[in-house]
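Engineer: coords please:
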Amino acid sequence: MPAIKYRTGQNQRLLYQIVSKFAVSTTVGCVMKFASSVSIKDYDYFLPEDCIAKYPLPQRDASRLLIYREGKISEDIYKHISRHLPANALLLFNDTKVIEARLFFQKPSGGIIEIFCLEPHRMYRSIADAMAQKNQVLWNCLIGGASKWKRGQILEKQILSETKKILLQAHYAEKLTDTFTIRFTWDDMNLSFAGLLHLTGAVPLPPYINRKAETTDNERYQTIYAREDGSVAAPTAGLHFTENIFDSLNKKNIRKDFVTLHVGAGTFKPVTRESVSDHDMHAEYLQVTAKTIQHILQNLNGTIIPVGTTSLRTVESLYWLGVKIIRQPAISEDDLLLSQWEAYNLEKENIQASDALEALLSWLNKNKRETLFSKTQLLIMPGYTPKIAHALITNFHQPKSTLLLLVAALTGEDWKKIYGYALKEKFRFLSYGDGSLLWIRK
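Structural biologist: Okay, the predicted model is just below:
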């Protein structure tokens, strides 16, 4: 093979691109080979129907708490969680707010069409932007009874507000692979889409609860600190926290901060393929302020504990987005996203968490941004090494789910011991159930 002569900077850049593409394709192949070795049948267990909590307990902080550390299991209740956390720890909560995402329209013939608002159209920079739209908005949705909705037919619904009637219309815009794009219009220029959903939508309880939403769900299927509209599922680990718990955390100087990851319906999507490599992880919107990133950076040498799998995925995604910036300092906001397997491709960079977060802060400052808006598909599975988190507070998850894969990534084969104990001791499972404090197995 003849030697390559570096005659110009252009030749050098071309060679770099060729080598980089070869390296990336080789790494992707290795990652997919590794992922294909993870079989979902190894992350299955029998969950009796009577173990699934259909309603929350009367008191949020009365739920049971399983504590797992260094292979040992103990238990308490959430009210006493501060006893099991070190002083000066940093807890990171997901402050997303569940929206009333289910809309029901009655056709002139009397038939009911249900529209489930999943996520905004890609034209919007963030969920916050889409939720703030007035008069009209584009949204990607699931449709119950889609075959009964004739193309060209406009669905209409009269909404009664305190002062007047509002006409809401749903227009079929586009058929996507698994969803539909719907254009909603309404005749109140002062009412945002978030406000509209609050007036007429219904809370989307998880399918495994298997009952209609009730008035109490409007409060209980929401954390007490929820503030950023956008989720179609609650960050359920946070449902147990109360002002009394926050007071007890303050007494130990255990600090709290907030990230936002808007939970999509894909969080309930089971892994149906035998190999995890064939599963399509759902992408979710995240937003984190520069101030919070700075707070995380300052606590890297302490104890950082995400509350919920969504908080963990957000915090870990921050690390990988910082790594991407180190590799591509001029990366655009549109490209600063994290795909499903990208973290495993970037693993070889071996970059310190502090360097990654500092790069992220510098990028925000250079681009005059106070808040990072991005999307993540990060799938955390066995073989993943957390870069920022030291423990996780979480509920008990469904068999064969990406959430159970995440738990197994942190606890190794001990996930079987943890779940076996919880089942034997009659813990309450899933969204309205009990929870756990899991320290990452070294």
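
Engineer: residue boundaries of the helices in this structure?
Structural biologist: For the chain, the helices defined by DSSP state H cover 9-36, 127-131, 193-200, 217-220, 243-251, 290-298, 309-327, 342-346, 353-366, 402-411, 414-424.

Engineer: Out of those helices, which is the most enclosed?
Structural biologist: Greatest average neighbour count among those goes to helix 309-327 (a mean of 25), per mean count of other Cβ atoms under 10 Å. Yep, even glycine has a C-beta here, placed from its N, CA and C like the rest.

Engineer: Gly201 touches Val98, doesn't it?
Structural biologist: No. Gly201 lies out of contact with Val98 (Cβ atoms under 8 Å); the separation is 10.4 Å.

Engineer: Look at Phe22 and report its pLDDT.
Structural biologist: At Phe22, the model reports a pLDDT of 43.

Engineer: Who's the closest spatial neighbour of Lys251, skipping the chain neighbours?
Structural biologist: Once flanking residues are discounted, Lys251 sits nearest to Ser82: 7.3 Å by Cβ to Cβ, 6 or more residues apart in numbering.

Engineer: again, but for Asp44
Structural biologist: Pro399 is the one closest to Asp44 (Cβ to Cβ, 6+ apart), at 4.7 Å.

Engineer: Check whether that neighbour really touches Leu47, as I assumed.
Structural biologist: Yes. With contacts counted by Cβ under 8 Å, Pro399 reaches Leu47, the gap being 5.8 Å.

Engineer: about what we covered before: looking at Gly201 and Val98, which has the bigger crowd around it?
Structural biologist: Val98 (23 against 18; other Cβ atoms under 10 Å).

Engineer: need the contact list for that one.
Structural biologist: Listed by Cβ atoms under 8 Å, 6 or more residues apart in numbering, the contact partners of Val98 are 203-204, 221-222, 226, 231-234.

Engineer: any chance of the residues you listed in JSON lines, plus pLDDT, distance to Leu286 and neighbour count?
Structural biologist: Listed next are the contacts of Val98 as JSON lines, based on pLDDT from 0 to 100; distance: Cβ to Cβ, whole Å; neighbours: other Cβ atoms under 10 Å:
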{"residue": "Val203", "pLDDT": "91", "distance to Leu286": "22", "neighbour count": "21"}
{"residue": "Pro204", "pLDDT": "91", "distance to Leu286": "20", "neighbour count": "23"}
{"residue": "Tyr221", "pLDDT": "97", "distance to Leu286": "21", "neighbour count": "23"}
{"residue": "Gln222", "pLDDT": "97", "distance to Leu286": "19", "neighbour count": "18"}
{"residue": "Ala226", "pLDDT": "97", "distance to Leu286": "16", "neighbour count": "19"}
{"residue": "Ser231", "pLDDT": "94", "distance to Leu286": "12", "neighbour count": "27"}
{"residue": "Val232", "pLDDT": "92", "distance to Leu286": "15", "neighbour count": "25"}
{"residue": "Ala233", "pLDDT": "93", "distance to Leu286": "15", "neighbour count": "21"}
{"residue": "Ala234", "pLDDT": "95", "distance to Leu286": "16", "neighbour count": "28"}
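
Engineer: Going by distance to Ala359, which of the residues you listed wins?
Structural biologist: Distance ranking of the contacts of Val98 against Ala359, using Cβ to Cβ, places Ser231 first at 28.5 Å.

Engineer: Where does pLDDT dip in this structure?
Structural biologist: Within the chain, the ranges that satisfy pLDDT under 70 run 1-36, 267-269.

Engineer: mind giving me the domain split of it?
Structural biologist: Following the assignment in automatic domain parsing, the chain carries domains at 40-97+221-439, 101-202.

Engineer: Could you export the helices of the chain to TSV, including columns for distance to Phe258?
Structural biologist: Converted to TSV, these look like this (distance: least, Cβ to Cβ, whole Å):
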stretch	distance to Phe258
helix 9-36	32
helix 127-131	14
helix 193-200	19
helix 217-220	20
helix 243-251	12
helix 290-298	7
helix 309-327	9
helix 342-346	23
helix 353-366	17
helix 402-411	20
helix 414-424	27
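
Engineer: Gly433: which of these is closest?
Structural biologist: Across those, Gly433 has its closest neighbour in helix 414-424 (9.2 Å, Cβ to Cβ).

Engineer: quick one, that closest one and helix 402-411 angle?
Structural biologist: When axes from the mean of the first three to the mean of the last three Cα atoms, to 10 degrees is applied, the directions of helix 414-424 and helix 402-411 differ by 120 degrees.

Engineer: then helix 414-424 to CSV, C-alphas only?
Structural biologist: Presented in CSV, the C-alpha positions along helix 414-424 are these (Å, rounded to 0.1, in the frame of the first residue of the first chain):
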residue,chain,number,x,y,z
ASP,A,414,-28.3,-9.4,43.2
TRP,A,415,-31.4,-7.9,41.5
LYS,A,416,-32.8,-11.4,41.8
LYS,A,417,-32.2,-11.4,45.5
ILE,A,418,-33.7,-7.9,45.9
TYR,A,419,-36.9,-8.7,43.9
GLY,A,420,-37.2,-12.2,45.5
TYR,A,421,-37.1,-10.6,48.9
ALA,A,422,-39.7,-7.9,47.9
LEU,A,423,-42.1,-10.6,46.6
LYS,A,424,-41.7,-12.8,49.6
